[in-house]
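**Student:** below is the structure, and that's it, no one-letter string:
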């Protein structure tokens, strides 16, 4: 770890000011990803702005009937919050499918979005990586790539965003509130994270020094018919190989509205509007779900060791949609991996 | 106290360490330490406060050996900076129980043969106390899921599960610090 200075900001304004007052600053919330990267010398900020004194921990209903999640509320406090559990159980279940209890007690909501899209080559300073060192090459293409992207990748980078929480936030169409020197602005969730393209070193669309202050959930929470299905190499404390956030609004057996987002398959949470369109207005049957699954993975490309993810994603989507239609997942937050 | 934690950067010479006074409240006692900003809470506990019950395993938040309680919540002490925990109430294994006055979880770990080498045990016990404070795990499956942040390479999981289950079932543990 390189030497750095650190200040603990008492207000959002002070944090934003302090950030821009130093070269090579970074905000530190829970620190669970940033400190890990710093220990490996992958991240080398020379100044840290500590956020854990900021008054951004509240979770409250908005005037529009949605829910505003403070940026420095922990993932655990968010997942177990009564309003989140009752109105956005998809989000609660996704958060609890990720990391470990200790990490969820540390990690903040803003930090969950800010964790790096990454793979093991990103962490390995002995290998080329365009995300860590632009222009150096991608070691995963033609290398060990079992965990890598099948959708939206580029010749520069095939890493995946490992968050579970963000997959649910994508499906729920959350809005990210950020503050910078230029004031506050809102970013639609689908516009927050980037695909790698030819600038894989950029994971998101934040401007330098902008700070996430809140995540806003719209009123519609799909609390009756949803599923977060996470498939991984062990049943707890592992990144997803493929995960699916499925949310349905049913009118009898007809699908009135649908959301579908995938994790573990791309540089960002992956949504397919075409797949959602194939669900809307259709009967909630396996035949319908299969068409949506096919549309979701359209254009998917395997890298060799991760070819299996394409078929795994198809099957996971069908299963998650069945679970969502059955509506039986709301009562057990632990049951996120099977049947 | 003197010195700083040693950064791992290879071949890089460091400027003089800007250690500064930091007061950490650990097991109900204030510890006045001189720490560089990059000192992890884990290193502060072990190397500066002299509390070596908390163990360094992976140092990357993957094994849980460094688990301590901060304001009653379990965290990985290797992945937070000591300076960020000034003002918090930190509880380590030394604060949970002592020789002759074992914490119920410590007694249960002995009774259920819940360790072999013992290296992960302080983290397991602090994590289990955090689990009890949270009050979400009741069944064996729920305890397994909510203890998944603590790895035991000796494979004493059956004993660990039984020990934690016994204390969870008693439902009467208050955090002692």
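**Tutor:** That came in fine, so what should we check first? Computed from a predicted model, the values in this text were never measured in an experiment. Numbers count the residues shown, from 1 in each chain, chains lettered A, B, ... in the order given.

**Student:** what does the stretch 151-300 of chain A have sitting close to chain B?
**Tutor:** A:236, A:237 (CB under 8 Å from any CB of the partner chain). C-beta here means a position set from N, CA and C on the backbone, and glycine is covered the same way.

**Student:** remind me which residues of the stretch 151-300 of chain A are low pLDDT?
**Tutor:** Nowhere does the stretch 151-300 of chain A drop to pLDDT under 70.

**Student:** now the helices: where do they sit in it?
**Tutor:** For the stretch 151-300 of chain A, the helices defined by DSSP state H, counting those that start in this stretch cover A:165-171, A:189-192, A:273-279, A:286-296.

**Student:** who's in contact with the shortest one?
**Tutor:** Contacts of helix A:189-192 from elsewhere in the structure, counted by CB atoms under 8 Å, 6 or more residues apart in numbering or on different chains, are A:113, A:166, A:169-170, A:172-176, A:204-206, A:269, A:271.

**Student:** restricted to buried residues, select those residues in ChimeraX.
**Tutor:** Of these, the buried ones can be selected in ChimeraX as follows, counting by 16 or more other CB atoms under 10 Å in any protein chain shown:
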select /A:113,166,169,170,172,173,174,175,176,204,206,269,271
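
**Student:** what are the buried residues along stretch B:57-74?
**Tutor:** Under 16+ other CB under 10 Å, the buried positions of stretch B:57-74 are B:57, B:59-70, B:73-74.

**Student:** ok, and of the residues you listed, which contact chain A?
**Tutor:** B:59, B:60, B:61, B:64, B:67, B:73, B:74.

**Student:** residue of chain B with the smallest distance to chain A?
**Tutor:** Closest to chain A within chain B is residue B:149: 2.7 Å, counting by CB to the nearest CB.

**Student:** hang on, the earlier thing: looking at the helices of the stretch 151-300 of chain A, which is buried most?
**Tutor:** helix A:165-171 (a mean of 29; mean count of other CB atoms under 10 Å in any protein chain shown).

**Student:** and chain B, is stretch A:18-28 touching that?
**Tutor:** Yes. Stretch A:18-28 reaches chain B (CB under 8 Å from any CB) through residue A:28.

**Student:** could you list the domains of chain B?
**Tutor:** Annotated domains of chain B cover B:20-95, B:104-170 [automatic domain parsing].

**Student:** which one of the ones you listed has the most crowded surroundings?
**Tutor:** domain B:20-95 (a mean of 22).

**Student:** and that domain, how far apart are its ends?
**Tutor:** 26 Å (CA to CA, to the nearest Å).

**Student:** residue boundaries of the strands in chain B?
**Tutor:** In chain B, strands defined by DSSP state E lie at B:20-26, B:29-35, B:67-70, B:73-76, B:89-91, listed in chain order.

**Student:** and the shortest one, what does it pack onto?
**Tutor:** Applying 3 or more CB pairs under 8 Å, 6 or more residues apart in numbering or on different chains; DSSP states H and E, we find strand B:89-91 packed against strand B:20-26, strand B:67-70.

**Student:** could you do the fourth one as well?
**Tutor:** Strand B:73-76 makes packing contacts with helix A:101-106, strand B:67-70, helix B:121-134 when contacts are defined by 3+ CB pairs under 8 Å, 6+ apart.

**Student:** ok, the residue nearest to residue A:321 when sequence neighbours are not counted to residue A:81 distance?
**Tutor:** The shortest distance from residue A:321 to any non-neighbouring residue, by CB to CB, 6 or more residues apart in numbering or on different chains, is to residue A:289 (4.1 Å). Taking CB to CB, to the nearest Å as the measure, residue A:289 falls 31 Å from residue A:81.

**Student:** quick one on the thing from earlier: got the ones next to chain A among the buried residues of stretch B:57-74 as TSV, with pLDDT and distance to residue A:75 columns?
**Tutor:** Conversion of those to TSV gives the following (pLDDT from 0 to 100; distance: CB to CB, whole Å):
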residue	pLDDT	distance to residue A:75
B:59	98	22
B:60	97	18
B:61	97	14
B:64	98	17
B:67	99	17
B:73	98	12
B:74	98	14
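
**Student:** ok, those residues vs residue B:92, which is closest?
**Tutor:** Each of those was checked against residue B:92 using CB to CB; the closest is residue B:67, at 9.5 Å.

**Student:** the residue in the stretch 51-200 of chain A positioned nearest to chain B: neighbour count?
**Tutor:** For the stretch 51-200 of chain A and chain B, the shortest gap (CB to the nearest CB) falls at residue A:100, measuring 2.7 Å. Applying other CB atoms under 10 Å in any protein chain shown, we find 26 residues neighbouring residue A:100.

**Student:** which ones are touching it?
**Tutor:** Residue A:100 makes contacts with A:237, B:61, B:64, B:148, B:149, B:150, as judged by CB under 8 Å, 6+ apart.

**Student:** at 7 Å what do you get?
**Tutor:** A:237, B:64, B:148, B:149 (CB atoms under 7 Å, 6 or more residues apart in numbering or on different chains).

**Student:** same question for residue A:165.
**Tutor:** A:75, A:94, A:95, A:98, A:112.

**Student:** kindly reformat these as CSV containing neighbour count, pLDDT and distance to residue A:277.
**Tutor:** Listed next are the contacts of residue A:165 as CSV, based on neighbours: other CB atoms under 10 Å in any protein chain shown; pLDDT from 0 to 100; distance: CB to CB, whole Å:
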residue, neighbour count, pLDDT, distance to residue A:277
A:75, 26, 98, 32
A:94, 30, 98, 23
A:95, 29, 98, 28
A:98, 28, 98, 29
A:112, 27, 98, 29
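
**Student:** in helices only, show me the residues you listed.
**Tutor:** Here DSSP state H is the test, and the contacts of residue A:165 give A:75, A:94, A:95, A:112 as lying in helices.

**Student:** can you tell me how far the second one sits from residue B:59?
**Tutor:** Residue A:94 sits 28 Å away from residue B:59 when distances are taken as CB to CB.

**Student:** do the same with residue A:257
**Tutor:** 46 Å.

**Student:** also residue A:303?
**Tutor:** Here the criterion is CB to CB. By it, residue A:303 lies 31 Å from residue B:59.

**Student:** now swap in residue A:36 and tell me
**Tutor:** 9 Å.

**Student:** swap in residue A:167?
**Tutor:** Residue A:167 is 29 Å from residue B:59, by CB to CB.

**Student:** could you do residue A:324 as well?
**Tutor:** From residue A:324 to residue B:59 the distance is 40 Å (CB to CB).

**Student:** chain B contacts on the stretch 1-150 of chain A?
**Tutor:** A:1-6, A:8, A:31-32, A:35-36, A:39, A:41, A:50, A:52, A:100-103, A:105-106 (CB under 7 Å from any CB of the partner chain).
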